[in-house]
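> From the sequence below, what's the structure:
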Amino acid sequence: MTVDGRYVYCIMEGGNKQNLGSIGLFGNEVYTINHIDISAVVSKMPFKEMRPGVDSIIAHQRVVEASRDVTTTLPVRFGILFKSDQGVKKLLASSYKDFRSKINKLKDKEEFGIKLILEKENMQKIQKQVADNSQEVKKIKNEINTSGKGAAYFLKMRMNDAIKNEMLKKIEKLGSEIHHDLVSCAADSSLLKADLENVILNAAYLVNKSEIEKFNDKFEKLKKKHCAHGLIFHQSGPWAPYSFC
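Reported below is the predicted structural model:
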């Protein structure tokens, strides 16, 4: 027989008991377990290993966002289960200072995600610009013209490496400059792993609520400035501070 456990979605500010409704995993009722001035947002569910299916992940995020609408919220990773309310209370008590510190840091702030995608044809344009203008590439080309077939083969390999390295440096510089401009309007930032080669920037920005309009204005100006160069700007959020917990 499987007993009910307590599934934890997030930690939120405030020590008052709350009921967020039947919005949890499998439509279960979501409520808070409290300790001093913080609470864990939980629902009952069978105490067994959780598998991260699409519907379950969406339900988890739905509860986190509902909590964020109420107050400052610290998301908890998917799949955290305790045997009872008492187990959750022990977590809140043992980690109280850490949770309280993070809540203070993240209070009145939102997370925004920014991705910059460089279209393939524009990557090829940058590659051509490097091939046409790089002094190192020109030097290798001259060496190829005065070399025999054997030496020319290895020189061409060296030239292709030089073109690729300079192209990557140019793309990295472009992403870094845009990131620096966005950081100027954010309280904190986190560089994330890019899942595709043509994603030249994948980052999260923690923005004070009072600075969101300024951050969005900066984003729109950068988008207008660089879209002509083949950069696709994608913004998501505001979110709970998933990248800063």
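
> quick one: Gln129 is in a strand?
No. Applying DSSP: H, G, I helix; E, B strand; the rest coil, one finds Gln129 to be helix, outside a strand.

> going forward, begin numbering at 57 instead of 1
Happy to do that; since the first residue is 57 now, the last one works out to Gln185.

> show me the residues around it that make contact.
Contacts for Gln185 (C-beta atoms under 8 Å, 6 or more residues apart in numbering) come out as Lys226. Where C-beta positions appear, they are placed from N, C-alpha and C, glycine not excepted.

> and the gap between it and Met223?
8 Å (C-beta to C-beta, to the nearest Å).

> Show me what secondary structure element comes after the longest helix along the chain.
The helix that spans the most residues within the chain, counting by DSSP state H, is helix 205-239. Note on helix 205-239: by DSSP states H and E, the next helix or strand toward the C-terminus is strand 244-247.

> What residues sit buried inside that next one?
For strand 244-247, a neighbour-count test (16 or more other C-beta atoms under 10 Å) marks Asp244, Ser245, Ser246 as buried.

> Spatially nearest residue to Glu199 (excluding sequence neighbours)?
Of all residues not flanking Glu199 in the chain, Leu211 sits nearest, at 5.5 Å (C-beta to C-beta, 6 or more residues apart in numbering).

> what's near enough to touch the one you found?
Leu211 touches Ile196, Glu199, Ile200, Ser203, counting by C-beta under 8 Å, 6+ apart.

> Most neighbours of all those, which one?
Highest neighbour count within the contacts of Leu211, by other C-beta atoms under 10 Å: Ile196, with 21 neighbours.

> Going by residue numbers, what spans are strands in the chain?
Along the chain, counting by DSSP state E, strands occupy 60-69, 75-77, 86-91, 94-102, 129-131, 137-138, 165-174, 244-247, 255-264, 287-295.

> which residue sits closest to the residue sitting nearest the centre point of the chain, ignoring its sequence neighbours?
Residue closest to the average C-alpha location in the chain (C-alpha atoms, centre = their mean): Ala260, at 4.4 Å. Take Ala260 and drop its neighbours on the chain: the residue closest to it by C-beta to C-beta, 6+ apart is Ser299, 3.7 Å away.

> ok, that neighbour - contacts?
Glu167, Ser246, Leu248, Ala260, Leu262.

> Then Glu167?
Contacts of Glu167 by C-beta under 8 Å, 6+ apart are Ala260, Tyr261, Leu262, Val263, Gly293, Pro294, Trp295, Ala296, Pro297, Tyr298, Ser299, Phe300.

> Just give me the closest of the residues you listed to His236.
Within the set of these, Tyr261 lies nearest His236; the separation is 11.9 Å, counting by C-beta to C-beta.

> Can you report how many residues lie near Asn272?
For Asn272, using other C-beta under 10 Å, the count is 14.
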